[in-house]
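Novice: Just a sequence and a predicted model for now, questions to come.
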Amino acid sequence: MKKSSLVILISGSGSNLQAIINAINNHQLNAEIKTVISNQVTAKGLDRAAGEGITTHVVDHRSYPSRELFDQAMMQIIDPLKPDLVILAGFMRILGNAFIEHYQHRLINIHPSLLPKYKGLNTHQKALENKDKIHGASVHYVGIELDSGPVVIQTEVPVRAIDTAATLAARVLTEEHKIFPLAIEMHTEGRIKFKDGQLLLDGQKLTEPLIWKNNQLTQVKVTD
Ligand code: GRF
């Protein structure tokens, strides 16, 4: 079967990028990373990509007078590669509507909270302040509003009494590395489609996200 082509956008450490690379290397994903784009020249993820022989680009948002021109610069790199999926793996810039609409239904993000809770930044701190017992992360297709769009998989992570934002973030990140490749696999295997804006998994409407818990997908609610 033909390999799916992926473009991955990062801003930092790139541990989720590494999880995707690992999933390709161990044949969980039948895919090829066409390029990695970072808006930060110092992003450690660039070294991870280069170490795997993956082409990298830096598109520094500070070099562009507007969001639109920054987005367009990335699109000029991405479009000739004809990716099946554009992956935001810790990409910390807000994208404009034109970019999001251009890649609609093939633009996926991981966000460190149980969406719709805690959109935006400092999600772990917010979960602690609200004394949440369960926190987590969500993989979702990107909608126009920040951190919106249909969620495919969520991982649930128990909050411990002794947790700090850093310890909680670290435990959530470990789980992110499992659910992101899983959701990407569903996309590259053609199991996810969109009809009238509704996400279909294996031909059925996904009304609730799949839940990853105790190392397995434990809750699958789909309806006709
Ligand atoms: C992750 O927690 C991701 O959910 C958030 O930024 C972090 C990126 O980590 N959007 P990494 O760069 O993949 O290590």
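Specialist: That came in fine, so what should we check first? Model, not experiment: these values are computed from the prediction.
Novice: drop to CA atoms for contacts and neighbour counts, all remaining ones
Specialist: Fine.
Novice: The chain against the ligand: which residues are in contact?
Specialist: The interface of the chain toward the ligand, taken as Cα under 6 Å from any ligand atom, is made up of 12-17, 89-90, 110-112, 173.
Novice: Kindly reformat the residues you listed as CSV containing pLDDT and secondary structure.
Specialist: Listed next are the residues of the chain next to the ligand as CSV, based on pLDDT from 0 to 100; DSSP: H, G, I helix; E, B strand; the rest coil:
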residue, pLDDT, secondary structure
Gly12, 97, coil
Ser13, 97, coil
Gly14, 98, coil
Ser15, 98, helix
Asn16, 98, helix
Leu17, 98, helix
Ala89, 98, coil
Gly90, 98, coil
Ile110, 98, strand
His111, 98, strand
Pro112, 98, coil
Leu173, 98, helix
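Novice: quick one: buried residues of stretch 47-55?
Specialist: Within stretch 47-55, the residues that count as buried by 16 or more other Cα atoms under 10 Å are 48-49, 54.
Novice: and which of those residues is nearest the ligand?
Specialist: Using Cα to the nearest ligand atom, Arg48 is the member of the buried residues of stretch 47-55 that sits closest to the ligand, with 10.9 Å.
Novice: Do you have the strands of this protein handy? List them.
Specialist: In chain order, the chain shows strands spanning 4-10, 31-38, 56-58, 85-88, 107-111, 134-141, 151-158, 192-195, 198-201, 204-206, 210-213, 216-219, 222-223, with DSSP state E as the criterion.
Novice: Since that was my last question, I'll sign off now.
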